[in-house]
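Peer 1: Have a look at this fold, sequence not included:
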């Protein structure tokens with residue numbers, strides 16, 4: 001066991017008296033191989049042990065740059081939305097540098113920033129999130145992607161010291177072995193015949209994801225869509241979208257559903273629209289699914305093609321959810337991907353009136369996001 005005890009001054013500067021218990025951390029690391037929550041508990045323990053504020057284990061695709069899946073701990077509510085809305089992946093100095101490096105040891109971010117001063121947009125990371133330093137590690141690399149572990153610190157927590165990096169580096173061989181074993185077992189996981197039969201029997205296009213966002217099962221209806229569409233494809237066992245923003249939102253929603261399936265957050269379902277040049281958009285819904293394996297979380301993705309089958313109308317929505325005709329008509333329009341502005345123009349209603357309807361719908365359904373609402377309507381009424 002190694003003690004982490006660092007003090008500096010009496011003016012509120014960083015003081016670190018955390019206990020860095022290597023045997024306990026290694027035990028928690030290998031427990032990730034069978035833990036339903038995957039690497040989340042290990043990340044939480046490591047963040048606390050090294051006096052960080054948050055941590056991520058993220059798989060990054062290099063070309064085009066995109067997050068394929070992510071485990072995270074310690075981020076405030078809304079962080080992922082802030083990160084995506086501000087396009088922070090493009091300006092994230094740590095990930096942009098690390099993704100081009102070979103697997104090695106932990107490094108501090110500060111030398112990178114000193115050698116190559118970040119762009120102005122990086123200041124949002126420092127100012128909005130109060131971030132000073134990160135200890136980062138390329139844990140595993142393949143031809144097209146890298147798995148990166150990063151532990152963030154605020155200004156109050158101070159920069160990483162060499163002794164701290166040395167402590168982290170003693171864990172590196174175990175981390176690299178554990179993540180490779182985890183990936184191997186995920187690839188070898190097969191669905192039970194009964195589960196596969198149920199999915200195949202569904203008339204709706206359905207895909208099953210494991211906690212690394214690998215597509216582990218595709219039914220015949222979904223296979224038909226993937227074989228004919230250009231805007232959504234299956235690349236290296238993961239869903240890939242032509243539109244960069246759609247790719248980000250898919251990763252975000254799928255990650256939230258995975259975390260919900262692990263019991264790390266409340267039930268989370270969402271939807272997004274995959275635009276097509278000459279036809280109406282595909283509707284994609286993501287929901288958590290338990291029982292994908294004995295230990296790990298998963299998610300179910302459903303695809304709805306309005307060209308093949310009509311989406312629920314206002315009358316059916318009103319009856320099922322006990323809504324007024326005006327509220328149900330709004331829901332019908334949201335389900336085909338119309339914005340409030342577009343609905344306002346089509347229905348000759350002010351946006352303020354539509355927002356009032358939407359607020360009433362949220363109160364009646366217990367939901368709080370349009371994406372959740374669309375997902376719940378389609379899940380309930382598209383059998």
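Peer 2: Yep, that arrived. On a predicted model such as this, the values are computed, not experimentally measured, just so you know.

Peer 1: can we go C-alpha only for contacts and neighbour counts from here?
Peer 2: Will do.

Peer 1: what's the helix or strand for the closest residue to residue 45 other than its chain neighbours?
Peer 2: Of all residues not flanking residue 45 in the chain, residue 25 sits nearest, at 7.1 Å (Cα to Cα, 6 or more residues apart in numbering). Using DSSP states H and E, residue 25 falls within helix 22-31.

Peer 1: The closest residue to residue 263 other than its chain neighbours: how many residues sit nearby?
Peer 2: Leaving aside its sequence neighbours, residue 263 sits nearest to residue 37 (Cα to Cα, 6+ apart; 7.8 Å). Counted with other Cα atoms under 10 Å, residues neighbouring residue 37 total 23.

Peer 1: One more: residue 263?
Peer 2: 14.

Peer 1: Quick check: it is in a helix.
Peer 2: No - counting by DSSP: H, G, I helix; E, B strand; the rest coil, residue 263 is not found in a helix; it is coil.

Peer 1: phi, psi of the nearest residue to residue 296 once chain neighbours are set aside?
Peer 2: Leaving aside its sequence neighbours, residue 296 sits nearest to residue 36 (Cα to Cα, 6+ apart; 4.1 Å). Backbone torsions of residue 36, given as degrees, to the nearest 10, read phi -60, psi -30.

Peer 1: now do residue 312
Peer 2: phi -60, psi 140.

Peer 1: what's the burial count for it?
Peer 2: 20.

Peer 1: Over to residue 70?
Peer 2: 22.

Peer 1: Can you classify it as helix, strand or coil?
Peer 2: Once three-state DSSP is applied, residue 70 turns out strand.

Peer 1: ok, the residue lying closest to it once chain neighbours are set aside - contacts?
Peer 2: Excluding its sequence neighbours, the residue lying closest to residue 70 (Cα to Cα, 6+ apart) is residue 58, at 4.3 Å. Taking Cα atoms under 8 Å, 6 or more residues apart in numbering as the contact definition, residue 58 lies against 67, 68, 69, 70, 71, 147, 148, 149.

Peer 1: Could you say which helix or strand holds residue 58?
Peer 2: strand 54-61.

Peer 1: low pLDDT regions in the stretch 251-383 of the chain?
Peer 2: 290-295, 383 (pLDDT under 70).

Peer 1: could you show me where the helices are in it, in order?
Peer 2: For the stretch 251-383 of the chain, the helices defined by DSSP state H, counting those that start in this stretch cover 314-321, 325-335, 340-347, 351-365, 370-381.

Peer 1: what's the longest one packed up against?
Peer 2: Think helix 351-365. If you count contacts as 3 or more Cα pairs under 8 Å, 6 or more residues apart in numbering; DSSP states H and E, helix 351-365 packs onto helix 325-335, helix 340-347.

Peer 1: and it, which residues are buried?
Peer 2: Neighbour-count burial for helix 351-365, counted by 16 or more other Cα atoms under 10 Å, picks out 351, 354, 357, 358, 361.

Peer 1: For the nearest residue to residue 226 once chain neighbours are set aside, give me its contacts.
Peer 2: Closest residue in space to residue 226, ignoring its immediate chain neighbours: residue 233 at 5.4 Å, by Cα to Cα, 6+ apart. Residue 233 makes contact with 226, 227, 239, 240, 241, according to Cα under 8 Å, 6+ apart.
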